[in-house]
Each structure stands twice: as C-alpha cells, then as structure tokens.
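Participant: Make a model of this:
(chains A and B)
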Amino acid sequence: GEDVEQSLFLSVREGDSSVINCTYTDSSSTYLYWYKQEPGAGLQLLTYIFSNMDMKQDQRLTVLLNKKDKHLSLRIADTQTGDSAIYFCAERAYSGAGSYQLTFGKGTKLSVIP
Amino acid sequence: KAGVTQTPRYLIKTRGQQVTLSCSPISGHRSVSWYQQTPGQGLQFLFEYFSETQRNKGNFPGRFSGRQFSNSRSEMNVSTLELGDSALYLCATQRQAGEVNEQFFGPGTRLTVL
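Facilitator: Predicted coordinates:
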C-alpha cells in the first residue's frame, strides 16, 4: 500500500525560511497536497501540485516535486509566528471504481521562534 | 461561498452507544469523503460518497457506516462505540475542474467516548 513519510518536528526562527519534506511511494499519484492544521481546527488546504509539474509557487509558499525520488517539499519564505502549526503532506491516488483517496503523512509540527 | 460544515462540533458519548455525524459540502461539490484523525494513527480514510453511492471504503469495521443524500449532504454513523473511536472526524469535499483538484476539509467533529 501507499505510505507517506514526513519528519515530525521542525523549528525555525521568525523571518527565516522553513522547508518541510515529504516522501511518498505511489508513483501513480496524480496530485500531492499540503495542508495546515492549527490546534483544535480542521485541515486548511495550503497548496497542491499536479504530478506533471516540478514546481509551484504561491506567494510565500513554494512546492517542489521530484518524481524520480518521490520527494515533495514545501518551502515557506519569511516564516511568521502565525505559521506555527502541523503541516500534512498527502497524496491522491486512484483506489478503483472511479474513486480516489488521500493518504496522509503523520504531519510535521512547525515551531516558529520569535 | 460557504465552506464545508460539520455538525456537531463536539460530542461526548459512552461505550456501546451510537452516534451520527453530519457533513454539508460546499455548494456544487458532489463527492464527500470521511477521515478519522487520532494521535496514534494519524489521518485515516473511512469512505467516500458520490451521487449517493459509496465509491470507496477504508479499512474500518462494519460499525462505521455512512450515507449521502440527494443534496450531497452526508452522514456517518458509528454503532456500538468503543473507547478507541475517540477521534476527530473530518469530512472533505472536492472540486475537479480540468487539472485543478482541490480537496477542502470541514472543521471536524471531536468525538469523545467515555
């Protein structure tokens, strides 16, 4: 089955860049997502990348996709204290009968030091 | 445009009881997926509904069931509750337009089983 791996913790200073890494195993994944979860809240879609792309930039967020190594990263430029949260990487893969499902990593807890 | 809504937000039940959770998707979204989030197992896929039909089911016991109505609203039911069912239950709806595929999550229902 599919498995998505992320490091569990990342600590950065305010103003620095954060890079959160993720590896996935299903080469047929069509979309890869990054979600943010703040304490007590649901998942907020930050960005996603289609599998035929190598990079996607959206304001302070840059997603890089290395399909050969099945590696995905999320870079947050000028990290702010409000970016402190858990970040989940997820892959969308076909699971049959016209259905797709998301498989999530365990999440990376980002702590921003003022 | 209103986001994904889930009711209730919090629920406390005792072992052996049953519970029904509700999810209203974003207008126009016909696919609803359910996920269970626990500290130990992370985010796990429960099932997906599309046009009132279950298209896909995760690896959960038969005590977990769901349905979808003609207006795309979905409910999930858990019968004979166990302590281990305590979790955050999230529903997600998706928008597909060409190469755009966005999966939006609701705020979740926090279920505590005593």
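
Participant: Okay, now the unreliable bits of chain A?
Facilitator: Counting by pLDDT under 70, the low-confidence segments of chain A come to A:1-2.

Participant: Give the residue farthest from the middle of it.
Facilitator: A:Ala97 (26.7 Å; C-alpha atoms, centre = their mean).

Participant: in the longest strand seen in chain B, what's buried?
Facilitator: When chain B is parsed with DSSP state E, its longest strand is strand B:87-97. Going by neighbour count (16 or more other C-beta atoms under 10 Å in any protein chain shown), the buried part of strand B:87-97 is B:Ala87, B:Leu88, B:Tyr89, B:Leu90, B:Cys91, B:Ala92, B:Thr93, B:Gln94. Where you see a C-beta, it was placed from the backbone N, CA and C, and this is true even at glycine.

Participant: Direction included, what does it pair against?
Facilitator: Paired strands of strand B:87-97, with direction, are strand B:31-38 (antiparallel), strand B:100-105 (antiparallel), strand B:109-113 (antiparallel) (DSSP bridges).

Participant: Up against chain A, what does chain B have?
Facilitator: Within chain B, the positions lying close to chain A (C-beta under 8 Å from any C-beta of the partner chain) are B:6, B:33, B:35, B:42-43, B:45, B:48, B:50, B:55-56, B:58, B:88, B:90, B:92, B:99, B:101-108.

Participant: Any of those buried? List them.
Facilitator: B:6, B:33, B:35, B:42-43, B:45, B:48, B:50, B:55-56, B:58, B:88, B:90, B:92, B:101-108.

Participant: So what touches stretch A:8-18?
Facilitator: Contacts with stretch A:8-18, where a contact means C-beta atoms under 8 Å, 6 or more residues apart in numbering or on different chains, come from A:19-20, A:74-81, A:83, A:106-114.

Participant: Let's see that with 7 Å instead.
Facilitator: Residues from elsewhere that reach stretch A:8-18 (C-beta atoms under 7 Å, 6 or more residues apart in numbering or on different chains): A:20, A:75-81, A:83, A:106, A:108-114.

Participant: Give me the neighbour count for A:Tyr31.
Facilitator: As a burial measure, A:Tyr31 scores 21 neighbours (other C-beta atoms under 10 Å in any protein chain shown).

Participant: Excluding residues flanking it in the chain, which one is nearest it?
Facilitator: The shortest distance from A:Tyr31 to any non-neighbouring residue, by C-beta to C-beta, 6 or more residues apart in numbering or on different chains, is to A:Arg92 (4.3 Å).

Participant: On the strand side of things, show who A:Ile76 bridges to.
Facilitator: On the basis of DSSP bridges, A:Ile76 is bridged to A:Ser18, A:Leu61.

Participant: So what's the residue count around it?
Facilitator: 23.

Participant: Please apply the same query to A:Arg75.
Facilitator: For A:Arg75, using other C-beta under 10 Å, the count is 16.

Participant: Which of the buried residues of strand B:87-97 sits closest to chain A?
Facilitator: Chain A lies nearest to B:Leu90 out of the buried residues of strand B:87-97, by C-beta to the nearest C-beta, at 5.8 Å.
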